[in-house]
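K.L.:
the following block contains a protein sequence and its predicted model.
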Number of protein chains: 2
Amino acid sequence: MVARSSRVTIHDVAKAAGVSVSTVSKALNDTGRMASETREKIKSIAADVGFRPNALARSLLFNRSFTVGLLTNDTYGRFTLPLMSGISEALVDHGVSVFLCAIEDDPALAKVHVDAMLDKQVDGIIATGKRVDRSLPVDLAGLPVPVVYAFTEGVPGSVILTADDSDGARLAVERLRKVGRKRIVHVTGPDSFVSAVERADAFRQAVGRDALVMHGAWTEAWGHEAVAMLWGEDKETPDGIFCGNDQIARGVVDALRERGVRVPEDVSIIGFDNWEIFADQTRPALTTVDMNLKELGRTAGLTILDLAEGRAVEAGLRKLPCKLVVRQSCGGDREI
Amino acid sequence: MVARSSRVTIHDVAKAAGVSVSTVSKALNDTGRMASETREKIKSIAADVGFRPNALARSLLFNRSFTVGLLTNDTYGRFTLPLMSGISEALVDHGVSVFLCAIEDDPALAKVHVDAMLDKQVDGIIATGKRVDRSLPVDLAGLPVPVVYAFTEGVPGSVILTADDSDGARLAVERLRKVGRKRIVHVTGPDSFVSAVERADAFRQAVGRDALVMHGAWTEAWGHEAVAMLWGEDKETPDGIFCGNDQIARGVVDALRERGVRVPEDVSIIGFDNWEIFADQTRPALTTVDMNLKELGRTAGLTILDLAEGRAVEAGLRKLPCKLVVRQSCGGDREI
DNA sequence: AAATGATGAGAAAACGTTTTCTCACGTTGA
DNA sequence: TCAACGTGAGAAAACGTTTTCTCATCATTT
């Protein structure tokens, strides 16, 4: 019943070299006692026949599969892909591969995927999602493998990695100040998102208690609308706008252009996310806050590795700093 | 040296049931001869202790790992994610998990990933990329596992799946005709992309030999530029524009609005890709051609499964049909 | 009552590794 | 010359399954 493998095994190498499999194993792993000429001969023969050890067999023996699972409900991949990229980059050097499981807010599907991963003896699971304050529709507590939550809500006592929204907001305000802006407002997403609230709080702290924060949708349309409101009243108009994401920022920039307001000469705009497809294509290109998701992924990967290999990791929420990506929409990109 | 697993094995079940492991195995797999009460008792005990067979051990035995690798150099994920979603959806029912490997046009990294997957005994590899007419920077020929190329160039004699660009173009023209458009032009990407050329050819075939095709970049800016050219001369302006992707379409729509040309009343616009983030956010929302990438992924997944299980699959290029997603930019969305 | 057959369940081998243990052989020292 | 020791290499067990083979036991038939 068992299918025959066409792959070359350690037995083939042993036969070709006229030694036992144990000797081959020791030769290739540089362990055991052995005449160095024997070792070299075996190594060369192994290379000749193209031997590569079957990872499944090693996994079975070591109880380490050198795989981790990435569980996400961010079907669009806006946040998952950069994270994935960082995880993969950090782990490939350690011979670890990543199972990507897209569960579309479907608890049953999530369970199927988690079970499949556990059956395949993943060394750990990284959970991620599309918002920081919502958990995946599956309970990952009490699993026989370590779990790291990245950019999604985790159970108490777990390791949770996320971007520092407050830091991002501070970075933006700091920059707007540096280019001489005085009347700064914040146009952002719904206040039902903790990210939006955290950024807004940090924004107020940086700008002043009565700073104007406008909550709306995460859309271009809301950017247009906000500009209409701000420029519609006969109050003093802002000279700096910090937007909650790049889509809103694009809406704001477009709306200002339509009104004949120049960006960045008259008003400086800063976005959030550094979603290149928006930030780069907006005219002028957006200066925006980057959440360093790839770095977050790298950290998540190394953390799950630490846990898998039994090293202690401090539990709790850990916030990683953001960075400002300077393009043209804020101005001052030359003189600073 | 070998770490102790905390997981419950078939031996634990055997001990708990007071029978041998072979009996447990046969009981759970509904094979062998056995008193049905024994079988049921074992099943219930196995469920009680939460036994799940170690997939690694089974893989070793069956020489089937129930994993496949998805290799991509589309770091942004525009095409990879829908594909991945389809693959995963098709395979999860068969207990197959997917390794996602992002190789960023780096041959060395690609080789590392491919080797890691082969070591882990993947049942097959699906290769994908960001263009149909470029191959990945790694040679997948002669691998000991089946390979399917999806949305990327494959070696001759291999199985290659791709979207039918001609079909997409025909669909668009057909629709423009149906809403009464007579003067239709095609604004698309560089003619160094075979996709662009195939669509352009099909467009010409549908509209007429001397139909106007404008090649440029795949950007919004090119959409603006093309409109400036079309409306700048004192020739008759088009009443229908079929765009090579949604970004160009968005540029065209925006440029027309700025000129006071109404979409879809005066001009009908159709995009390509159905990239929701563009198609949905454009005002009016874009009617656009969808390449059915998820379906493509599903097909790729089932194909690699066929190959892995030794079923014959016809080699060669297979083009899957597109579909038109109707929103507002083309008009006629109510009466048809 | 003895031979046959059916039934139930366990022993062992296999998958491809790694590691521990054992052993044969040759060299050294007294 | 013989014991002690070092060296090189193989045998066997282990990881967790599945499957084939073997063997009791019991019921049925002659």
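P.N.:
Here it is on my side, so go on.
K.L.:
CA only for contacts and neighbour counts going forward, please
P.N.:
OK.
K.L.:
can you classify the residue most central in space within chain A by secondary structure?
P.N.:
Centrality entry for chain A: nearest residue to the mean C-alpha point is residue A:83, 2.3 Å, by Cα atoms, centre = their mean. Judged by DSSP: H, G, I helix; E, B strand; the rest coil, the three-state class of residue A:83 is helix.
K.L.:
I'd say it and residue A:291 touch.
P.N.:
No - with contact defined as Cα atoms under 8 Å, residue A:83 does not reach residue A:291; the gap is 10.5 Å.
K.L.:
quick check: the spatially closest residue to the residue nearest to the centre of chain A that is not a sequence neighbour vs residue B:116, distance?
P.N.:
Spatial nearest neighbour of residue A:83, excluding adjacent residues (Cα to Cα, 6 or more residues apart in numbering or on different chains): residue A:297 at 4.2 Å. Taking Cα to Cα, to the nearest Å as the measure, residue A:297 falls 20 Å from residue B:116.
K.L.:
compare neighbour counts for these two and give me the winner.
P.N.:
Shown here are residue A:297 and residue B:116; by other Cα atoms under 10 Å in any protein chain shown, residue A:297 has more neighbours (28 against 20).
K.L.:
can you list contacts of whichever strand or helix holds the more buried one?
P.N.:
Using DSSP states H and E, residue A:297 sits within helix A:293-308. Contacts with helix A:293-308, where a contact means Cα atoms under 8 Å, 6 or more residues apart in numbering or on different chains, come from A:79, A:82-91, A:123-126, A:145-150, A:161-163, A:312-313, A:320.
K.L.:
make it 6 Å
P.N.:
A:82-83, A:86-87, A:90, A:123 (Cα atoms under 6 Å, 6 or more residues apart in numbering or on different chains).
K.L.:
now swap in stretch A:92-105 and tell me
P.N.:
By Cα under 6 Å, 6+ apart, stretch A:92-105 touches A:66-73, A:110, A:137, B:98-99.
K.L.:
on contacts alone, who are the packing partners of whichever strand or helix holds residue A:148?
P.N.:
Using DSSP H and E, residue A:148 sits within strand A:147-150. With contacts defined as 3 or more Cα pairs under 6 Å, 6 or more residues apart in numbering or on different chains; DSSP states H and E, strand A:147-150 has these neighbours: strand A:124-128, strand A:159-163.
K.L.:
how about the residue lying closest to residue A:50 once chain neighbours are set aside, secondary structure?
P.N.:
Spatial nearest neighbour of residue A:50, chain neighbours left out: residue A:8 (7.3 Å); criterion: Cα to Cα, 6+ apart. When classified by three-state DSSP, residue A:8 comes out as coil.
K.L.:
need phi/psi at residue A:25.
P.N.:
Dihedral pair for residue A:25: phi -60, psi -50, per degrees, to the nearest 10.
K.L.:
tally of neighbours for it?
P.N.:
Residues near residue A:25, counting by other Cα under 10 Å: 20.
K.L.:
now it: how far from residue A:7?
P.N.:
Applying Cα to Cα to residue A:25 and residue A:7 gives a distance of 17 Å.
K.L.:
how much space separates the closest residue to DNA strand D within the stretch 51-200 of chain A from residue B:272?
P.N.:
Residue nearest to DNA strand D within the stretch 51-200 of chain A (Cα to the nearest atom of the strand): residue A:61, separated by 3.7 Å. Using Cα to Cα, residue A:61 is found at 51 Å from residue B:272.
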